[in-house]
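Asks: heads up, no residue letters with this:
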């Protein structure tokens, strides 16, 4: 969850997010507009029907890459970063595998302004900067370590490819002793990200 890119996705996202700006200045945290309420209700109905349990997300190609964050969420990404209202780029689940919410994203390779989509105030979108995520699994013990990442710039400077990131680059950077330790690796590009909670959230449905 950004919503959630650190030991937890939200913490990663907070570390990576550039201050989002409504009217080119700041995030928007006001009350929901009618169009936002309509979007939220549509997403909540749709995701709850299609992805109620983590097994549903996995069947659809979402892969886990975080531990449990401070909201209790575990994040899964489908590695497709151009979302529409029925295709979130990430889904998050609680420790029992129940759906909590998802992230919708729009790539931002060239400093594009905040999206004006789906009746959502542009100030609700957060910028997340590009990085390479990887999951470590110890070949001997089977222990899995999530929430591992490297800035895109550092990955490329080490000779890595963002379009096809290799575990060998992670080894070269001294993060793991062997490429066999990497269970999952992918680029998380620079994006605009919209957080959408399916379950009630104290800070509101579009907030960290």
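Replies: On my side now, so go ahead. This is a predicted model, so every value here is computed, not measured.
Asks: Does the longest helix seen in the chain pack against any helices or strands, and if so which?
Replies: Of all the segments of type helix in the chain, defined by DSSP state H, the longest one is helix 34-50. Helix 34-50 makes packing contacts with strand 99-107, strand 191-197 when contacts are defined by 3 or more C-beta pairs under 8 Å, 6 or more residues apart in numbering; DSSP states H and E. For the C-beta atoms, the positions are set from N, CA and C on the backbone; glycine is no exception.
Asks: Let me have those in JSON lines, extended by mean pLDDT, distance to residue 184 and mean neighbour count.
Replies: Compiled in JSON lines, the helices and strands packed on helix 34-50 are given as follows (pLDDT from 0 to 100; distance: least, C-beta to C-beta, whole Å; neighbours: other C-beta atoms under 10 Å):
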{"stretch": "strand 99-107", "mean pLDDT": "98", "distance to residue 184": "18", "mean neighbour count": "24"}
{"stretch": "strand 191-197", "mean pLDDT": "97", "distance to residue 184": "19", "mean neighbour count": "25"}
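Asks: Residue 73: which of those strands is closest?
Replies: Distance to residue 73, taken as C-beta to C-beta, is lowest for strand 99-107 among the helices and strands packed on helix 34-50, at 5.1 Å.
Asks: could you point out which element follows the closest one?
Replies: Sequence order places strand 126-128 as the next helix or strand after strand 99-107, per DSSP states H and E.
Asks: Now the next helix-or-strand element following that following strand: average pLDDT?
Replies: Going down the chain from strand 126-128, the next helix or strand is strand 131-137, by DSSP H and E. Taken as a whole, strand 131-137 has a mean pLDDT of 98.
Asks: What are the contacting residues of strand 131-137?
Replies: With contact meaning C-beta atoms under 8 Å, 6 or more residues apart in numbering, strand 131-137 is reached by 5, 16, 64-65, 77, 143-146, 148-152, 155, 160, 162, 165, 167, 170, 175-176, 181-188.
Asks: I'd like to know which of these are part of helices.
Replies: 16, 152, 155, 167, 170.
Asks: rewinding a little: would JSON lines of the helices and strands packed on helix 34-50 with distance to residue 203 be doable?
Replies: Converted to JSON lines, these look like this (distance: least, C-beta to C-beta, whole Å):
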{"stretch": "strand 99-107", "distance to residue 203": "12"}
{"stretch": "strand 191-197", "distance to residue 203": "9"}
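Asks: Spatially nearest residue to residue 65 (excluding sequence neighbours)?
Replies: residue 133 (5.1 Å; C-beta to C-beta, 6 or more residues apart in numbering).
Asks: If residue 105 is in a bridge, with which residues?
Replies: residue 193 (DSSP bridges).
Asks: before we move on, the earlier item: which of the ones in helices among the contacts of strand 131-137 sit farthest apart?
Replies: 16 and 167 (22.0 Å).
Asks: Any quick PyMOL command for the buried ones out of the contacts of strand 131-137?
Replies: Selecting only the buried entries of those in PyMOL, with 16 or more other C-beta atoms under 10 Å as the criterion:
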select buried, resi 5+16+64+65+77+146+148+149+150+152+155+160+165+167+170+175+176+181+182+183+184+185+186+187+188
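Asks: ok, residue 85 - contacts?
Replies: 39, 42, 43, 46, 104, 118.
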